[in-house]
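kindly return the folded structure for what I paste below:
(one chain, ligands or ions: 1)
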Amino acid sequence: MIDPILPTYNRVNLVFERGEGAWLFTREGQRYLDFTAGIAVNVLGHAHPHLVAALTEQAGKLWHMSNVFRIEGGERLAERLKAATFADTMFFTNSGAEALECAIKMARKYHTANGAPERYRIITFEGAFHGRTLATIAAGGNPKYLAGFGPETPGFDQVPFGDIEAVKAAIGPETGGILIEPVQGEGGVRSASWPFLRELRALADEHGLLLILDEVQCGVGRTGKFFAHEWAGITPDIMAVAKGIGGGFPVGACLAKEEAAKGMTAGTHGSTYGGNPLAMSVANAVLDVVLANGFLDHVQATSARLRQRLAELKDRHPAVVAEIRGEGLLLGIRTHVPNTDVVAAMREEHMLAPTASDNVVRLLPPLNIGDAEIEAAFTKLDAAFTRIENGLKDEALKGAAA
Ligand SMILES: *Cc1c(COP(=O)(O)O)cnc(C)c1O
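Modelled structure (predicted):
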């Protein structure tokens, strides 16, 4: 009999009752270290007092308003994001995929407004993940996510990640933009090199293309800058944001320069829920913390300490750990054994982390973790890797006996 929840996930049989910072608690009181953080969503951990206060205060006043009225929280959030980024304007959504849909529509509309509606095609990259809507699975190009869902939404040309010659070769008269994650999350915690991003910026300028960044996972402080592209010293024309910006409340945003947004006039796009007062109150509260003096420096320092511990683990467990990669607190451990075995062993040690492509285990802790959580992670990973090594030894013994 089918599960009453559509069985599109292979769920882990664990139920949590509450969370506090980087820790999750079962009803029985068992404690887990949460380095999944809702897949880079809970940037301030669970039940952060400032976010709880913002949400409960707003909940007593006004939950939802149609976007046909002004929403003060949204106006404030937009002004703050405008001040903190390249953007002149933005559209609020409820998810990352919707932010990408807005970005794709905006890019197409821009060229239409310029009298070149044929320039609807967007260059994307192998290993990309942009969401699960019909257009975003086509943009991501992962055959597993496309299979069986009918004709692929047209308009995306995929090239190898990091290959500037392939990008140049893919540019044609119908090309209107380039879409890239500065750091691929699902794709295996792979960073685009910062020079590569600069080359994309130059190519886009040269050919009149829009540079669209997907910072849904790597944005909002995750890499130690507010947005990852700041490391490269470039600005995009359009950027999709979600995950961390709501700290656990569903919020996304499509940010843009004024020129790129020029086709998006009244009536061209909309969302019932996008930017509602509850969402805006929490997103503003997230910014209060993430943009506070010293917060991003703390993320960078935390990253350096965690990476040092991971390097030690690599030395201690060469049969398990192949490579440590990533930026800030978007880190990946590529493993010699199946990554699913590794996260299962970590779970035995009461530590949670998601996998990624390329046989990588992702570490996506809340951005405000401290030394206690870093040391707990080290101890748990050390124990999990030892568990796996013992398993490998047992197998070798069995093999020798057979
Ligand atoms: C998660 C993610 C998305 C999709 O976000 P949803 O909120 O699940 O729609 C898009 N792009 C990237 C890079 C992501 O990590």
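
ok, A40 - contacts?
G185, Q217, R222, K243, G244, L330, L364 (CB atoms under 8 Å, 6 or more residues apart in numbering). Yep, even glycine has a C-beta here, placed from its N, CA and C like the rest.

the ligand contacts on the protein?
Contacts of the chain with the ligand, taken as CB under 6 Å from any ligand atom, map to 95-97, 100, 129-131, 181, 185-186, 214, 216-217, 242-243.

contacting residues around the residue of the stretch 51-200 of the chain found nearest the ligand?
Using CB to the nearest ligand atom, the single residue of the stretch 51-200 of the chain nearest to the ligand is G96, 2.2 Å away. With contact taken as CB under 8 Å, 6+ apart, G96 is in contact with H130, G131, D214, V216, Q217, A240, V241, A242, K243, G252.

do I have it right that the last one meets M239?
Meaning G252. No: between G252 and M239 there is no contact under CB atoms under 8 Å: 11.0 Å.

okay, and which of the contacts of A40 map to strands?
Among the contacts of A40, the members falling in strands (DSSP state E) are L330.

hmm, which of the contacts of A40 are the buried ones?
Using 16 or more other CB atoms under 10 Å as the burial test, those include G185, Q217, R222, K243, G244, L330, L364 as buried.

go through this protein and flag its longest helix.
What stands out as the longest helix in the chain, according to DSSP state H, is helix 371-401.

list the buried residues for that helix?
373-374, 376-378, 380-385, 387-389.

next, count neighbours for H336.
If you count neighbours by other CB atoms under 10 Å, H336 ends up with 15.

and the pLDDT for the closest residue to S95 other than its chain neighbours?
Closest residue to S95 apart from its sequence neighbours, by CB to CB, 6 or more residues apart in numbering: G252 at 5.2 Å. Listed pLDDT for G252 reads 98.

cool, and D157?
pLDDT, D157: 98.

and it, helix, strand or coil?
Judged by DSSP: H, G, I helix; E, B strand; the rest coil, the three-state class of D157 is strand.

check contacts around it.
By CB under 8 Å, 6+ apart, D157 lies in contact with R121, I122, I123, T124, A170, T175.

one step back: for the contacts of A40, which one is nearest the ligand?
Nearest to the ligand among the contacts of A40 is Q217, at 3.3 Å by CB to the nearest ligand atom.

what's the closest non-adjacent residue to the closest one?
Distance criterion CB to CB, 6+ apart; nearest residue to Q217, sequence neighbours excluded, is G185 at 3.7 Å.

give me the phi and psi for the residue positioned nearest the centre of the chain.
Nearest to the geometric centre of the chain sits Q217, at 1.2 Å (CA atoms, centre = their mean). Per-residue torsions, Q217: phi -100, psi -40 (degrees, to the nearest 10).

that's all I had, so thanks and see you.
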